[in-house]
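> coords please:
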Amino acid sequence: MNPSRTGSDDRSTPLPGEDLDLQAPSVVIDLFNRAAEACLNAPGRAGSVVDLPGRGRLLACGDLHDHGLNFLRLLRLARLGASADHHLLLHELLHGPHMVNGRDLSIRTLARAAALKLQYPGQVHLLLANHDLAQLGGEGIVKDGVNVVRAFDAGVDYLYGNGAEEVRASLGRFLRSFLLAVRCANGVFCCHSLPSPRHLGEFDPTVIDRVPTETDLKYNGHAYRMVWGRNHTQELADTLARAWGCELFVMGHQPAEMGYELEGETMIVLASDHEHGVALPIDLTRSWNRDDLIENALPLASVTL
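From the prediction side, this is the model:
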């Protein structure tokens, strides 16, 4: 890892949404609804994939899980205001470890991501993740003895009171608008995960060519299997690389205690939700192999705010 490649010389990065009252239901409802439209109508989007041209750079990350400090560090590194060809990829923002009286307040980070999307509609790319689907479907995920879906709902109720149901509805529209992938002209393909090998024979890779249907998003649907898969094999990666016209996968979803893990010969797993979390700057003007690309990984703890 080379901390000298941060490119973090812009010291004026504002916190997205800082000019909004994010505890006002009407403000958050409007924000999520407008951000959903921005996601669905993003430049370069076809179906549920955005294709990036061979210029500029993409800053990729792994799961964030409401890690506010690392979110700010990513914004600092991305330098979105410096060039329209600077891109930032974000995923799994909700369900953080820090509760307030048993309530998860990570909807506030989702609101800030929505504000960021509206500020940079062609540069900020939000990937659908398994925790997003769990929250949409009310599917229980237990982490450290806590049902994170219920804790999130409790947080929404606490923050928005009588407006909570409408806030939830607008958040659902926002989450459903997320991408399944960002595909770069240099062969790098970014997604939350890939389907498990045992599901490959039943998986429809053309799911990325459409906005996922409710059937795609439900248990064992094609989008569901894509964001929930683990234990990937090189055979699976090769098969999907041919289907999707790519060479190298950059993902999240799976644990990576030191910030990244390598799978097979063409897969990188990133994590950005802990003190060893990393970001991965990707130069879009050149091709990469896995080992050369991972050398660019940046420890987020090295970024000065």
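> Contacts made by stretch 241-252 with the rest, please.
Defining contact as C-beta atoms under 8 Å, 6 or more residues apart in numbering, one finds that stretch 241-252 is touched by 60-63, 91-92, 127, 129, 181, 183-184, 187-194, 205, 208, 237, 240, 266-272, 280, 282, 287-290, 293. C-beta coordinates here come from the backbone N, C-alpha and C atoms, glycine included.
> Now, those that are in helices?
Ala237, Leu240, Arg290, Leu293 (DSSP state H).
> which one of those residues is nearest Met226?
Met226 lies nearest to Leu240 out of those, by C-beta to C-beta, at 9.4 Å.
> by contact count, what packs against whichever helix or strand Leu77 is part of?
Taking DSSP states H and E as the criterion, the element that holds Leu77 is helix 68-78. Other elements packing on helix 68-78 under the criterion 3 or more C-beta pairs under 8 Å, 6 or more residues apart in numbering; DSSP states H and E are strand 57-61, strand 86-91, helix 107-119, strand 278-283.
> circling back: filter the contacts of stretch 241-252 down to just the buried residues.
60-63, 91-92, 127, 129, 181, 183-184, 188-194, 208, 237, 240, 266-272, 280, 282, 288, 290, 293 (16 or more other C-beta atoms under 10 Å).
> could you point out where the stretch 51-200 of the chain is predicted with low confidence?
In the predicted model of the stretch 51-200 of the chain, no residue satisfies pLDDT under 70.
> ok, which stretches of it are strands?
Taking DSSP state E, counting those that start in this stretch as the criterion, the stretch 51-200 of the chain carries its strands at 57-61, 86-91, 124-127, 142-143, 146-147, 181-184, 188-190.
> For Asp104, which non-adjacent residue is spatially closest?
With sequence-adjacent residues excluded and distances taken as C-beta to C-beta, 6 or more residues apart in numbering, Asp104 is closest to Ala151, at 4.0 Å.
> looking at it, that neighbour is touching Asn101, isn't it?
No - using C-beta atoms under 8 Å, Ala151 makes no contact with Asn101, being 10.1 Å away.
> Looking at those two, which is more packed in?
Ala151 (19 against 7; other C-beta atoms under 10 Å).
> For the spatially most central residue of the chain, list the residues it contacts.
Nearest to the mean C-alpha position of the chain, by C-alpha atoms, centre = their mean, lies His91 at 1.4 Å. Contacts of His91 were listed using C-beta under 8 Å, 6+ apart, and they are Cys61, Gly62, Asp63, Leu64, Leu126, Leu127, Leu128, Ala129, Phe178, His192, Gly252.
> And the first one, how far from Val269?
Distance, Cys61 to Val269, by C-beta to C-beta, to the nearest Å: 12 Å.
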